[in-house]
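1. test case, fold it:
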Amino acid sequence: DCLLSRGLGDVYKRQAVIPETIVIYGNTYTVIKLDSYSFNGSPVTSISIPSTVTTIVNAFSSNSYNLTSYTVDSANPNYSSNNGVLMSKGQTMLLKVPRNLPECLSSSTYTIPSSVTEIGYGCFQYLGGNLTTLTIPSTVTRIISSAFASTNLVSIVIPDTVTYLETMIFNGCRQLQTVTFGTGITDLPYYTFGTTTALSTVNFSGAITNIGPRCFLNSGIASINIPDTVRRIEWASFKGCASLTSVNFGPNSILNSITGSNNNGAFQSSGLTSFTLPNSVIHVQNSSFKSCPDLPCILSLIHISEYT
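-> As a prediction, this is how the structure comes out:
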């Protein structure tokens, strides 16, 4: 048995048909695995996957600029395809949307199949075309890292059924303006909105408890209402948000701490002009408000156990 690893980026055929077997020095091997970046930079427009391939490890790089479709042999035990999109066998996992999927080139919206419960790693990353919004069905419960990163999305609604969100989901989405989270999300992880320079509105429906490290790093957000349920704002979460002038807390806020480290303060290098700490805050860590030239003072009604 063998795997195909890297090296297929210089195959200049328009249609790549992965064989079930290959012969090397007179020995016949079955192709069972596609390893990382097998098609990195390949100019192919379509990829056909045989029944023998049972493991795919991030094989299809987002810089396969011409790719329009995946086709999977119906006898494959682990994978399938649906209108050119790579999916798990039972079509519950959406694994990879080709960068130039015709449906997304011709339409501004894409509807994820209702059989899907999980959106995979980098699934829509770098997707080209006119796609500006996605319809996520209520069957989806999990969204894996970088799922929508560096796309042209303008708005998106995460349904209430999604309870698991990994890192860098919208990182690099420079056209993204509005995101609405359903009631299932309780944590905004690392780099969720990194460099979303057009971001203007984030709507929360659920009991968000944590805003993770670098969550809004260098985003364009100008004002945000922090849900009362948030207990912790992590280091560099709003760092470099030059347009951010207002962070609002409700009267029932239970915010406990704002974390930071040297040169990674939660609101470092932001455009804040005023900031009032909720009564519940007892811990404000290093560099939290470093290099905020328009922030004259921080108002606090209680004793802070640590503030630097």
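2. pLDDT weak spots in the stretch 101-250 of the chain?
-> Per-residue confidence of the stretch 101-250 of the chain (counting by pLDDT under 70) places no residue in a weak region.
3. show me the strands in it, by range?
-> Secondary structure of the stretch 101-250 of the chain (DSSP state E, counting those that start in this stretch): strands at 109-111, 118-119, 133-135, 142-143, 155-158, 164-165, 178-181, 187-188, 201-203, 210-211, 223-226, 232-233, 246-249.
4. can you list contacts of the first one?
-> Read it as strand 109-111. Contact with strand 109-111 is made by 97, 101, 103-104, 131-135, 137, as judged by C-beta atoms under 8 Å, 6 or more residues apart in numbering. All C-beta spots, glycine's among them, are computed from the backbone N, C-alpha and C.
5. in that strand, what's buried?
-> Of all the residues in strand 109-111, those buried under the rule 16 or more other C-beta atoms under 10 Å are Y110.
6. relative to it, what are the paired strands and their orientations?
-> strand 133-135 (parallel) (DSSP bridges).
7. picking up where we left off before, ok, which of the strands of the stretch 101-250 of the chain comes nearest P278?
-> Distances from P278 to each of the strands of the stretch 101-250 of the chain were compared using C-beta to C-beta; the minimum, 4.7 Å, belongs to strand 246-249.
8. name the residues that touch the closest one?
-> The contact list for strand 246-249 (C-beta under 8 Å, 6+ apart) reads 222-226, 228, 238, 255, 267, 272-278.
9. out of the contacts of strand 109-111, give me the one that has the most neighbours.
-> With neighbours defined as other C-beta atoms under 10 Å, the most crowded of the contacts of strand 109-111 is V97; it has 28 neighbours.
10. returning to that earlier point: need the strands of the stretch 101-250 of the chain in a markdown table (columns: distance to P43).
-> Listed next are those as a markdown table, based on distance: least, C-beta to C-beta, whole Å:
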| stretch | distance to P43 |
| --- | --- |
| strand 109-111 | 24 |
| strand 118-119 | 27 |
| strand 133-135 | 27 |
| strand 142-143 | 30 |
| strand 155-158 | 30 |
| strand 164-165 | 34 |
| strand 178-181 | 34 |
| strand 187-188 | 37 |
| strand 201-203 | 38 |
| strand 210-211 | 41 |
| strand 223-226 | 42 |
| strand 232-233 | 45 |
| strand 246-249 | 47 |
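11. out of the ones you listed, nearest to T30?
-> In terms of C-beta to C-beta, the element of the strands of the stretch 101-250 of the chain nearest to T30 is strand 118-119, at 28.2 Å.
12. just give me how far that closest one sits from the chain centre.
-> The chain centroid and the centroid of strand 118-119 are separated by 11 Å under C-alpha atoms, centre = their mean, to the nearest Å.
13. what packs against it?
-> The elements that strand 118-119 packs onto, with contact taken as 3 or more C-beta pairs under 8 Å, 6 or more residues apart in numbering; DSSP states H and E, are strand 93-96, strand 142-143.
14. quote the end-to-end distance of stretch 263-283.
-> Start to finish, the residues bounding stretch 263-283 are 18 Å apart (C-alpha to C-alpha, to the nearest Å).
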